[in-house]
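Asker: take this sequence and fold it.
(chains A, B, C and D)
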2 protein chains.
Amino acid sequence: MNLPALTQAFVLHFGEMGSRWGINRTVGQVYALLYLAPEPLHADAIVEALGVSRSNVSMALRELQAWNLVSVRHVPGDRRDHFVTPDDVWQILRTLAEERKRREVDPTLTVLRELLLQPATSDAERHAQRRIAAMHNMIEQLTGWFEEVKRLPNERLVALLALGAGVTRLLELKDRVVGLAVSGRSA
Amino acid sequence: MNLPALTQAFVLHFGEMGSRWGINRTVGQVYALLYLAPEPLHADAIVEALGVSRSNVSMALRELQAWNLVSVRHVPGDRRDHFVTPDDVWQILRTLAEERKRREVDPTLTVLRELLLQPATSDAERHAQRRIAAMHNMIEQLTGWFEEVKRLPNERLVALLALGAGVTRLLELKDRVVGLAVSGRSA
DNA sequence: TATGGATTTCAGGAATTCCTGAAACGACGG
DNA sequence: CCGTCGTTTCAGGAATTCCTGAAATCCATA
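Answerer: Next up is the predicted model:
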């Protein structure tokens, strides 16, 4: 691996962190490298930068494409595929969240739903179903919220985040305003 | 494994899902079992329910305690440790999010900060630093938001989720109201 | 349709993670 | 201070995941 110090530190960190998620070291490193690269890279450039085998890079790129975190770009006059990451970090966040939801949450939601449909034949099972329902409902609320929020344009999303817990003050404000409007109308 | 059908299906699913996260099968199963259990379980009951070794259960419980997802409960007249999961699913969500942030996000934030402090000596490095800064700022906004929201009581949190993207309409409302107040004051 | 570069597939060795049984440890009652 | 019950530690075998080099496949061009 022969990279500028800064890039190398970033790439190595993502390699290590990769294993704390479900992804392997090479996938993490390839992503990090592409994220920092000022222009699209072809696979052999990645091989050279990271010092791993060509086939390993191929598999890593494939996985990153499956995650929608990397896409192919063709450079005129060059037959090789070049790869890029989207450069809008908020878009990356949406993609990441979407994919993790799809892989880690949706299957669970499906199972929980099935289990809730089954008839409970004992007290133990009835208790289990109540617990499962509590989890199911929470996940549904979360995913419903996420489906809406992920559609917000960046600007709005940032405003929402900046608001933080202040949103609840806003909710009270709304209640007061609506109250005023109603009393005004009735007057 | 000899459990009611419903419980067994739930436990097995969490075992499988475990490996999609960073946790292993046994940890997932133990958690699922405790989550459904109507009363605290001691380690041998878990061994019997899951059909894994005593030492494996011990390690799984230890890991779950490190995650703050399971705690010890002493049953009067019984020397054995008994284990429970908190039963408020929203509290579980907070804990889970908090721990994942601590393990998956905070270390990255630290590294990114360090990298931003280093002097960039080339165009490539300056470009890399801009990319790193973009990622760093996004993560800071997210974690700042999370720190605030996680403190909300359940009721407020649920209200916030129910609002979904509607929060941005609320933001517009706020702007109008504030605008009114200001123009009123200046008049 | 032959050629050659680019890419993917895949079997199997390397590395890592998981799980177990045996032994060590700790704490309590006698 | 011994014996017992409960728990934890840990070495090493089992299982899984990762990575590589060689071969197969793809595809644009001549």
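Asker: residue A:23 belongs to a helix?
Answerer: No. Applying DSSP: H, G, I helix; E, B strand; the rest coil, one finds residue A:23 to be coil, outside a helix.
Asker: please name the nearest non-neighbouring residue to it.
Answerer: In space, residue A:23 comes closest to residue A:63 once its chain neighbours are excluded; the distance is 7.4 Å by Cβ to Cβ, 6 or more residues apart in numbering or on different chains. Using the backbone N, CA and C atoms, a C-beta is placed for each residue, glycine as well.
Asker: does chain B sit close to the longest helix belonging to chain A?
Answerer: Across chain A, the longest stretch assigned as helix under DSSP state H is helix A:123-149. Yes. Using Cβ under 8 Å from any Cβ of the partner chain, helix A:123-149 reaches chain B at A:124-125, A:127-129, A:131-132, A:134-135, A:138, A:141-142, A:144-145, A:147-149.
Asker: for that helix, name the packing helices and strands.
Answerer: helix A:106-117, helix B:5-18, helix B:25-36, helix B:89-100, helix B:154-163 (3 or more Cβ pairs under 8 Å, 6 or more residues apart in numbering or on different chains; DSSP states H and E).
Asker: close to DNA strand D, is the third one?
Answerer: No. Helix B:25-36 lies out of reach of DNA strand D by Cβ under 7 Å from any atom of the strand, never closer than 8.6 Å.
Asker: next, the angle helix A:123-149 makes with that helix.
Answerer: Helix B:25-36 and helix A:123-149 meet at an angle of 110 degrees, taking axes from the mean of the first three to the mean of the last three Cα atoms, to 10 degrees as the criterion.
Asker: now check helix B:25-36, is it near DNA strand C?
Answerer: Yes. Helix B:25-36 reaches DNA strand C (Cβ under 7 Å from any atom of the strand) through B:25-27.
Asker: rebuild the residues you listed as a markdown table, extending it with pLDDT and neighbour count.
Answerer: Formatted as a markdown table, the residues of helix B:25-36 next to DNA strand C follow (pLDDT from 0 to 100; neighbours: other Cβ atoms under 10 Å in any protein chain shown):
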| residue | pLDDT | neighbour count |
| --- | --- | --- |
| B:25 | 96 | 18 |
| B:26 | 97 | 20 |
| B:27 | 98 | 26 |
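Asker: single out the most deeply packed of the helices and strands packed on helix A:123-149.
Answerer: helix B:25-36 (a mean of 24; mean count of other Cβ atoms under 10 Å in any protein chain shown).
Asker: what's the closest non-adjacent residue to residue A:127?
Answerer: Distances taken as Cβ to Cβ, 6+ apart place residue B:38 nearest to residue A:127, at 4.8 Å, with adjacent residues excluded.
Asker: repeat for residue A:86
Answerer: residue A:92 (5.8 Å).
Asker: so who does the one you found touch?
Answerer: Contact partners of residue A:92, counting by Cβ atoms under 8 Å, 6 or more residues apart in numbering or on different chains, are A:69, A:85-86.
Asker: what's the answer for residue A:166, then?
Answerer: residue B:148.
Asker: again, but for the one 4 residues further on
Answerer: Contact analysis of residue A:170 by Cβ under 8 Å, 6+ apart lists A:163, B:167, B:170-171, B:174.
Asker: ok now stretch A:108-122, how far from the chain's centre?
Answerer: Its chain's C-alpha centre and that of stretch A:108-122 lie 27 Å apart, by Cα atoms, centre = their mean, to the nearest Å.
Asker: let me redo that: stretch A:66-78
Answerer: Counting by Cα atoms, centre = their mean, stretch A:66-78 comes out at 20 Å from the chain centroid.
Asker: and for that stretch, what's in contact with it?
Answerer: Contacts of stretch A:66-78 with the rest of the structure, by Cβ under 8 Å, 6+ apart, involve A:30-31, A:34, A:40, A:42, A:61, A:64-65, A:81-86, A:92, A:95-96, A:98-99.
Asker: flag every buried residue along it.
Answerer: A:67, A:69-70 (16 or more other Cβ atoms under 10 Å in any protein chain shown).
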